[in-house]
Each structure stands twice: as C-alpha cells, then as structure tokens.
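**Q** can't give you the sequence, but here's the structure:
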C-alpha cells in the first residue's frame, strides 16, 4: 500500500511543478502583453496627433486620414479639429464584427456565444484579461460603447446581449472557450 501512496505523491508533485511553471509563464506573458499594449497605445495616440496636425495644416476641403483605410464620411471644414477616427462604428445592416477593433470584436463574440445575458466580470476572463477591478471596469466601458453604437443591448443594468442575433457574429472565441457556457 505504501508504493501506491508514494506514486500518488510523486504524481501530485509533478502536477504541482507543471502548474507552477505555467503560472510563471503566465506572469511573463502578462508583462509582455502589457508592454505591447503600451506600445500600441502610444502608436495610436501618435497617429491621432499626426492626423490632427495634418488637418490643421491642410488646405480647405482636405479629408481626415483615418485608421483601417476607411474614408471619412465627408469633407472636413477648415478650422474643425479632428482628433481621430471612430474606432467603433455604429452598427448598420450588412456590417460585420470584422470592422470592430480586436478587443471589441472579442467582446461581441463572447456575448454572442453566451446562452443568457452576461456581465463584464464574466467577459473579462474569456477575452484573456485578469479578473481585476480595473479590467472589469474598462470592459464595462467598452460594453456601454457597444450598446451606444447599436452592437449590444443592455436589457437590465449590467446585463448585456447581442442587439442583432445571428447577424455575422461568428464564434472566433473558441480559443478562449474551454467548453463552458456563461
């Protein structure tokens, strides 16, 4: 009987070592992710600032440069300051989630995959963020923006569902979904 207990202890120690190694890897990847997010944020701000300067220096009738190669809706009048492009467009018939920035697309896909209305705190871990207050509040802000732009509906306070079910919201989040449902 002693050898069975010994074998179980050895397996437990090996599993614990694997868990500790994975946790260390997660810490390293989280630090790298935050660094890349910071670089991305600086680049986005730089692009928006350059667009603003171009518009201030531009001739009358100059169109504002925008992200993603999309053209602005019209001609910018002289003296109008353009800080940046709308990153989350208003939903319209025929518009797919592919036009949304990655994090917004992930949020819409998680909400679409859910069997019932979801809260920000349920979405955060499914989009690969740590379930800390700052990330939950940031995600809540993104959810509210998606509601304002017509992508989601907030039936009850804090409870979000897809505004247009079955409209080109494919589940790309299967990489984050380990078979659980919300």
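**A** Here it is on my side, so go on. The shown structure was predicted, so the numbers you read here are calculated from the model rather than taken from an experiment. Numbering: from 1, shown residues only.
**Q** Roughly how far does residue 163 sit from residue 111?
**A** Here the criterion is CB to CB, to the nearest Å. By it, residue 163 lies 10 Å from residue 111. Quick note: C-beta positions are derived from backbone N, CA and C, even for glycine.
**Q** neighbour count winner among those two?
**A** For residue 163 and residue 111, the more surrounded residue by other CB atoms under 10 Å is residue 111, and the numbers stand at 25 against 17.
**Q** show me where this protein has strands.
**A** 152-156, 159-162 (DSSP state E).
**Q** Just give the closest residue to residue 159, not the sequence neighbours.
**A** residue 117 (3.7 Å; CB to CB, 6 or more residues apart in numbering).
**Q** What is the burial count for the one you found?
**A** Using other CB under 10 Å: residue 117 sits among 18 other residues.
**Q** Now it: phi and psi?
**A** phi -60, psi 140 (degrees, to the nearest 10).
**Q** and the gap between it and residue 87?
**A** 25 Å.
**Q** domain parsing for this structure?
**A** 2-69, 97-175 (automatic domain parsing).
**Q** Point out the most buried one among these.
**A** domain 97-175 (a mean of 16; mean count of other CB atoms under 10 Å).
**Q** from the middle of its chain, how far away would that one be?
**A** A distance of 8 Å separates the centroid of the chain from that of domain 97-175, by CA atoms, centre = their mean, to the nearest Å.
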